[in-house]
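Participant: Model the structure of this input:
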Amino acid sequence: MNELKRLITFSSAVMLSLLLGACASSGDSPTGTPSEVQEIQSQLLGDMPLPAASKMIGSESLIIGRGDNWVGRVVLSGVQTPTDIYAFFQAEYPKAGWTTVSAVKSKTSILVFTKGDRTSTIELTEGSFSGPKTMITITASPKNANVVAPSKK
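Facilitator: Numbering: from 1, shown residues only. This next block holds a predicted model:
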């Protein structure tokens, strides 16, 4: 009987630890007041509007450069539903001078915008049960990057 009680206690402790670990924040998003966070994100990402209360996931992002000329990938967690965030990007990017090239609304939604010599691709997926409502991946690159196909040997 004591063995069973000890096993139940141990199992409960492990489950609680896993649940708490799943809820923990990685702490790699900018912190401060909402206006300070917005300022940091605009310094990094320039003229790309972001949904309110979205948080950058630094460990999954790769930003080369800053401001209006950055390239790479930024991953954000969003507190709104994928449908609401899709509508946000459809409405706000054109206001910031971006032109919609393609928009596909589905389980994984993809939006493609261009502005000047830049292209931005936005991917929206539903978040996990215990995590953010929406995962947002923004990829930015030059529009006409010189891409060389691998040669056959």
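Participant: Show me the shaky parts of the chain.
Facilitator: 1-42, 145-149, 153 (pLDDT under 70).
Participant: now with 50?
Facilitator: Along the chain, the parts satisfying pLDDT under 50 run over 7, 10-29.
Participant: quick one: the helices in it?
Facilitator: Along the chain, counting by DSSP state H, helices occupy 2-23, 34-45, 82-95.
Participant: quick one: contacts of the last one?
Facilitator: Put plainly, it is helix 82-95. Helix 82-95 is contacted by residues 48-49, 51, 78, 80, 100, 103, 105, 109, 111, 113, 120, 122, 124-126, 133-134, 136 when judged by CB atoms under 8 Å, 6 or more residues apart in numbering. All C-beta atoms are positioned from the backbone trio N, CA, C, and that covers glycine.
Participant: Return the members of those classed as buried.
Facilitator: 48-49, 51, 78, 80, 109, 111, 113, 120, 122, 124, 134, 136 (16 or more other CB atoms under 10 Å).
Participant: Throw those residues into JSON lines and include distance to Gly65, thanks.
Facilitator: Below are those laid out as JSON lines (distance: CB to CB, whole Å):
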{"residue": "Met48", "distance to Gly65": "13"}
{"residue": "Pro49", "distance to Gly65": "18"}
{"residue": "Pro51", "distance to Gly65": "22"}
{"residue": "Gly78", "distance to Gly65": "24"}
{"residue": "Gln80", "distance to Gly65": "28"}
{"residue": "Ser109", "distance to Gly65": "26"}
{"residue": "Leu111", "distance to Gly65": "22"}
{"residue": "Phe113", "distance to Gly65": "18"}
{"residue": "Ser120", "distance to Gly65": "14"}
{"residue": "Ile122", "distance to Gly65": "18"}
{"residue": "Leu124", "distance to Gly65": "24"}
{"residue": "Thr134", "distance to Gly65": "26"}
{"residue": "Ile136", "distance to Gly65": "20"}
